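K.L.:
Have a look; sequence and predicted model below, questions after that.
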Amino acid sequence: GAVVSQHPSWVICKSGTSVKIECRSLDFQATTMFWYRQFPKQSLMLMATSNEGSKATYEQGVEKDKFLINHASLTLSTLTVTSAHPEDSSFYICSASLAAGAAYEQYFGPGTRLTVT
Amino acid sequence: GDSVTQMEGPVTLSEEAFLTINCTYTATGYPSLFWYVQYPGEGLQLLLKATKADDKGSNKGFEATYRKETTSFHLEKGSVQVSDSAVYFCALRHFGNEKLTFGTGTRLTIIP
């Protein structure tokens, strides 16, 4: 159980276009979903935290107008990279949080490789 | 604020060698501690965790003990395999909080 999927697994887009990445919790309802960006030297950067039906909370330095997050349901969150540029090329990973009693477990998706040409 | 510090990588070992990846943390209170593993081209998977001082987390031959006195959670394995080649992340989370604080990750390569 507790599987998180991402779609697409990889995408190539042209500079100036927008691309949408989906994150789904397949067999549970997630209280919260997170979006991370992973840089070439492997470090993970938390971009934003999203809860169903409310606006995402962005980390400092992340442009909310560039990285649009929509959390339409308890099982789906989307990240849209608007007007993408080559510097947005990266590996984007989502995770979904499942309450386990008073604690939480975070389950990660397989990631989406975005290449902007 | 909270922070997690991991040993600098990359780490390259021969098969069957002993592995230690150091992790120390700075946080108030008693956070839960985690090790996640990321295999090439994949997302992160929980490897093991410990929720209180002196707890030992273990999985797939890996172990880590929550040391409150040294604020450490070092990852160890007695005999590594080529299939253990991956990036390892140490992380912490406070009780009742969903957000994880990650270290920078350590890339491990095992050569036959």
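P.N.:
Everything's here; your move.

K.L.:
now the helix or strand of chain A with the lowest mean pLDDT, how far from the chain's geometric center?
P.N.:
Least confident helix or strand, chain A: strand A:103-108 with a mean of 83, by mean pLDDT, DSSP states H and E. Taking C-alpha atoms, centre = their mean, to the nearest Å, one finds strand A:103-108 lying 15 Å from the centre of the chain it belongs to.

K.L.:
again, but for stretch A:56-63
P.N.:
Centroid displacement of stretch A:56-63 relative to its chain, using C-alpha atoms, centre = their mean, is 12 Å.

K.L.:
That one close to chain B?
P.N.:
No - with C-beta under 8 Å from any C-beta of the partner chain as the criterion, chain B is not reached by stretch A:56-63; the gap is at least 9.8 Å. C-beta here means a position set from N, CA and C on the backbone, and glycine is covered the same way.

K.L.:
in that stretch, what counts as buried?
P.N.:
Residues A:Ala56, A:Tyr58, A:Val62 are the ones in stretch A:56-63 that count as buried (16 or more other C-beta atoms under 10 Å in any protein chain shown).

K.L.:
Just the ones of these in strands?
P.N.:
Using DSSP state E, the members of the buried residues of stretch A:56-63 that fall in strands are A:Tyr58.

K.L.:
Columns distance to A:Thr112 on top of the buried residues of stretch A:56-63, output as a markdown table?
P.N.:
A markdown table is the format used below for the buried residues of stretch A:56-63 (distance: C-beta to C-beta, whole Å):
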| residue | distance to A:Thr112 |
| --- | --- |
| A:Ala56 | 17 |
| A:Tyr58 | 19 |
| A:Val62 | 17 |
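
K.L.:
What's the local residue count around the closest residue to B:Ser83 other than its chain neighbours?
P.N.:
Spatial nearest neighbour of B:Ser83, chain neighbours left out: B:Ile110 (7.9 Å); criterion: C-beta to C-beta, 6 or more residues apart in numbering or on different chains. Neighbourhood size, B:Ile110 [other C-beta atoms under 10 Å in any protein chain shown]: 19.

K.L.:
where's B:Ile110 relative to B:Glu16, distance?
P.N.:
Separation of B:Ile110 from B:Glu16 (C-beta to C-beta, to the nearest Å): 9 Å.

K.L.:
what sits in contact with each of the two?
P.N.:
B:Val80, B:Gln81 (C-beta atoms under 8 Å, 6 or more residues apart in numbering or on different chains).

K.L.:
Surely B:Leu92 and B:Leu100 touch.
P.N.:
Yes - look at B:Leu92 against B:Leu100 with C-beta atoms under 8 Å: they come within range, at 7.2 Å.

K.L.:
Mutual contacts of the two, please.
P.N.:
Residues touching both B:Leu92 and B:Leu100 by C-beta under 8 Å, 6+ apart: B:Phe34.

K.L.:
Which residues of chain B lie near chain A?
P.N.:
Within chain B, the positions near chain A by C-beta under 8 Å from any C-beta are B:32, B:36, B:38, B:41-46, B:51, B:87, B:89, B:93, B:95-100, B:102, B:104-105, B:107.

K.L.:
switch the cut-off to 6 Å
P.N.:
Taking C-beta under 6 Å from any C-beta of the partner chain as the contact definition, chain B meets chain A at B:Glu42, B:Gly43, B:Leu44, B:Val87, B:Glu98, B:Leu100, B:Phe102, B:Thr104, B:Gly105.

K.L.:
my guess is the fifth one meets A:Tyr104, correct?
P.N.:
Yes - in this structure, B:Glu98 is within contact of A:Tyr104 by C-beta atoms under 6 Å, at 4.6 Å.

K.L.:
hey, what's in contact with both of those two?
P.N.:
A:Ser97 (C-beta atoms under 6 Å, 6 or more residues apart in numbering or on different chains).
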